[in-house]
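Q: got a predicted structure plus its sequence, pasted below:
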Amino acid sequence: MTYLDGLNDAQKRAVLAKDGPISVLAGAGSGKTRVLATRVYHLICEGVPAHEILAVTFTNKAAREMRTRVRGMLGDDRATPFVATFHGLGRELLEQYGSALGIPRFFSVYDRDDSEKAIAAALKALDISTKELSPRAVLGRISKAKGSGIRASEFHEKQGRSSFGARVVADAWLRYEKTLKAEKALDFDDLIALPVRLLEEHADIRATAQARWRYIHIDEYQDTNELQERLAGFLAEKHRNIFVVGDGDQAIYGWRGAKMENILNFDKKYPEAQEIILERNYRSTKTLVDAANAVIAKNKNRKEKRSTTEQGAGEPIVLHVATSAEDEARWVATKIRALLGEGVAPEDIAILFRTNFQSRALEEGLLRAGVPYKLLGTKFFGRKEVKDALAWMRLALDPSREADKMRAAASPPRGLGAVTLAKLAAGKRSELGAAVLAKVEQFERVIDELAAAAESMVPSEFVKLVILKSGMRRALVDEGSEEDRERFENVEELASVATRHDHVPGKEGIALFLAEAALASDQDELDQNEKTGVTLMTVHAAKGLEFDTVFVTGMEEGLFPHAAMGEGKRDDEEERRLFYVAMTRAKSRLFLTLARVRKIYGSDTYAEPSSFLADIDPALLSYDEPYDEMSSTSAADDDCIIR
């Protein structure tokens, strides 16, 4: 078994453990992706048909990496297992069996932006100002309820005597569900909630799904919520061959419903489960590993696990105290310029921050220093011109979608306003004048032509046809400004992305592509963003990634760890896990920075150093010169400021 070469003993045990429930506690940088891919390959070598193996991850990026690794081991001419995100798995189940719940074959998927707009419309109908209650907050409340398995009708019944805000959320949710149904659409949470309901209520479909996938693999199991854990449980119920990988020390999504207990208590649900711990860190230097171990060891709600490494000590962790956020940004930019001058590639450097508002000063600092950068969060699939093209594609699959029709009619503009489209939707075609009716018929002819072409074209060629037939090429290139031409490049990039699904021609492949677009995460933007440069992102967005050099900014009490907002209670252990995640993204160098004064909500806030810094052995730290300026006392006294 040459494919086992290079694996350590714990990794080999995980790969070779075949039947029954298996829990793998995988520390940061411990090679879990390699273990998962090699285990899948081993099962196939042992005679398990590829189509009976399921592997579930949390991001499209991780799923693509898993497919690539498995395909590389199998060779291009052999069948590969079904590898998908949880949402991709849900979409697959609903496309195959969703008719049992009345779900159409080619449903569309609302992304977060679509959902927030629909919630805003619901609030407006309820005469509630979005300043009084933000659509994002309402959607977050709905999302968490859906993740716990609660339906809109149940939620509405329970909120009868609750606070005004809760009642508004309940009413808005009911209106939101009506909008989704009218548009033949589902949102992200439906892609988990409805498959669970499907398997729960239809024993025949549950048996079919269990027979289809005999070996289940779940990555990042600590990030699963209640419904995702139930979905995995339903699929593994018959054969009990469920292999979960995760790390409770990297559980950072409790605020959105993830339950770390799913991996910590795996052996309670499956008493016969094997537990394997991967503690060897192949990513980071000994200094970084020792510091991260010391930080996470302070948490009480965890399973004992201490990472080790055979790498050298490496460079000490640099701590810098700036006078302000702007000074912090200048120092970071100057340090990065020096690293670039030493030959470090900008793509190997990341700047992490706890909250989004911190990015403003950091961006300005990088711009002034002439350091190239890319900010994660400006989503490729969320850009207007890209969403316009996607609306045209969805119309080709189902011309009855009113929201897509409204968007397509205005992209590019063709003299069809909201009043005209409303009359069409209401069946009042006879009320339209001859000139307007001619425009309507031309618009409908384009949709019909695209619908016919969608029957047989591969997704990438269909994207090109949409760009041409819709008039987007003419509007953005032939008649557009320089800015419009840049927007057109984003639309063109859709064709490149769509080639991933060209192996599935016709509407099936187009639907797959549209699902990928709707379910894209922040990390997927790294693949779409061809711009080279240092990466700026939140710590949450960085999970699962690694960089040679990492700057963790804003290491101030109240910022990191973050202060609780409103009536919320801060989860100190989750904040500590978040810092652990930030530290373990670095392979060679780690810089920690903080500002003595930071302007928050327009006011200067005097900061204390983060309490997390006191957990790092001083011998592992290198204090940058400005640190000594925090007081006129000695450096030894300065240490007391942090410890």
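A: That came in fine, so what should we check first? What you are looking at is a predicted structure, and each value in this text was computed from that prediction instead of being measured.

Q: quick check on Phe547: phi, psi?
A: phi -140, psi 150 (degrees, to the nearest 10).

Q: let me see the contact set for it.
A: 348-350, 535, 585-587 (C-beta atoms under 8 Å, 6 or more residues apart in numbering). Any C-beta I mention is one placed from the backbone N, CA and C, and that applies to glycine too.

Q: who's it bridged to?
A: Beta-bridge partners for Phe547, by DSSP bridges, are Ala586.

Q: quick one: Thr179 and Ala120 touch, right?
A: No. With contact defined as C-beta atoms under 8 Å, Thr179 does not reach Ala120; the gap is 11.0 Å.

Q: run through the protein and note the low-pLDDT ranges.
A: 160-161, 377-380, 480-483, 486, 520-531, 564-569, 600-603, 625-643 (pLDDT under 70).

Q: so which residues of the stretch 401-550 of the chain form helices?
A: 402-409, 418-425, 434-454, 459-469, 472-473, 482-498, 506-518, 524-528, 539-542 (DSSP state H, counting those that start in this stretch).

Q: compare those and give me the one nearest Lys335.
A: helix 539-542 (18.6 Å; C-beta to C-beta).

Q: distance from the closest one to the middle of the chain?
A: A distance of 9 Å separates the C-alpha centroid of helix 539-542 from that of its chain, computed with C-alpha atoms, centre = their mean, to the nearest Å.

Q: who are the packing partners of it?
A: strand 349-353, helix 572-583 (3 or more C-beta pairs under 8 Å, 6 or more residues apart in numbering; DSSP states H and E).

Q: what residues sit buried inside the longest one?
A: This means helix 572-583. Buried positions in helix 572-583, judged by neighbour count with 16 or more other C-beta atoms under 10 Å: 573-583.

Q: just to revisit the earlier point, I'd like to know which of the helices of the stretch 401-550 of the chain is closest to Asp171.
A: Closest approach to Asp171 among these (C-beta to C-beta): helix 402-409, 20.8 Å.

Q: against which helices or strands is the closest one packed?
A: Using 3+ C-beta pairs under 8 Å, 6+ apart: helix 402-409 touches helix 384-397, helix 418-425, helix 434-454.

Q: for those, give me CSV that also has mean neighbour count and distance to Ser30.
A: Below are the helices and strands packed on helix 402-409 laid out as CSV (neighbours: other C-beta atoms under 10 Å; distance: least, C-beta to C-beta, whole Å):
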stretch, mean neighbour count, distance to Ser30
helix 384-397, 22, 37
helix 418-425, 15, 55
helix 434-454, 15, 44
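
Q: residue contacts, the nearest residue to Ala607 once chain neighbours are set aside?
A: The spatial neighbour of Ala607 that comes closest, neighbours along the chain excluded (C-beta to C-beta, 6 or more residues apart in numbering), is Glu556 at 3.8 Å. Taking C-beta under 8 Å, 6+ apart, we find Glu556 in contact with 594-595, 598, 607-610.

Q: need the residues that contact stretch 126-144.
A: 112, 115-117, 119-120, 123-124, 152, 155, 165, 168-169, 171-173, 175-176, 188-189, 256-257.

Q: on that earlier part again, would TSV of the helices and strands packed on helix 539-542 with distance to Glu455 be doable?
A: Output for the helices and strands packed on helix 539-542, formatted as TSV (distance: least, C-beta to C-beta, whole Å):
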stretch	distance to Glu455
strand 349-353	45
helix 572-583	46
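
Q: between those, which one is closest to Gly341.
A: strand 349-353 (12.6 Å).

Q: coming back round to it: Ala313: which of the buried residues of helix 572-583 is nearest?
A: Met583 (15.6 Å).

Q: give me the number of residues near the residue nearest to the closest one when sequence neighbours are not counted?
A: Excluding its sequence neighbours, the residue lying closest to Met583 (C-beta to C-beta, 6+ apart) is Ala292, at 4.6 Å. When neighbours are counted by other C-beta atoms under 10 Å, Ala292 registers 27.

Q: quick check: Ala292 touching Gly29?
A: No. Judged on C-beta under 8 Å, Ala292 makes no contact with Gly29 at a distance of 9.6 Å.

Q: what's the overlap in contacts for those two?
A: Joint contacts of Ala292 and Gly29 (C-beta under 8 Å, 6+ apart) are 284, 307, 584.

Q: check contacts around the second one.
A: What it means is Ser307. 27-30, 279-281, 289, 292-293.

Q: go ahead and confirm Thr334 touches Gly370.
A: No. At 11.1 Å, Thr334 does not count as touching Gly370 under the criterion of C-beta under 8 Å.

Q: of the two, who's got more company?
A: Neighbours were counted for Thr334 and for Gly370 using other C-beta under 10 Å; Thr334 has more, 14 against 9.

Q: spatially, what comes nearest to that one if we skip its sequence neighbours?
A: Ala369 (6.4 Å).

Q: quick one on the thing from earlier: which of the contacts of Ser307 lies closest to Arg214?
A: The closest of the contacts of Ser307, once distances to Arg214 are taken by C-beta to C-beta, is Ser30, at 26.7 Å.

Q: just the buried residues from the contacts of Glu556, in ChimeraX please.
A: Of the contacts of Glu556, the buried ones can be selected in ChimeraX as follows, counting by 16+ other C-beta under 10 Å:
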select :594,595,598,607,609,610
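
Q: pick the one among the contacts of Glu556 closest to Glu326.
A: Of these, the one sitting nearest to Glu326 (C-beta to C-beta) turns out to be Ala595, at 8.5 Å.

Q: for Phe357, see how far away the closest one is.
A: 13 Å (C-beta to C-beta, to the nearest Å).

Q: quick one, what contacts the closest residue to Ala425 other than its chain neighbours?
A: Leaving aside its sequence neighbours, Ala425 sits nearest to Glu402 (C-beta to C-beta, 6+ apart; 5.4 Å). Going by C-beta under 8 Å, 6+ apart, Glu402 touches 182-183, 421, 425.

Q: looking at those residues, which is nearest Gln311?
A: Of the contacts of Glu402, the one sitting nearest to Gln311 (C-beta to C-beta) turns out to be Glu183, at 52.8 Å.

Q: wouldn't the closest one be in contact with Arg401 here?
A: Yes. Using C-beta under 8 Å, Glu183 makes contact with Arg401 at a distance of 5.5 Å.
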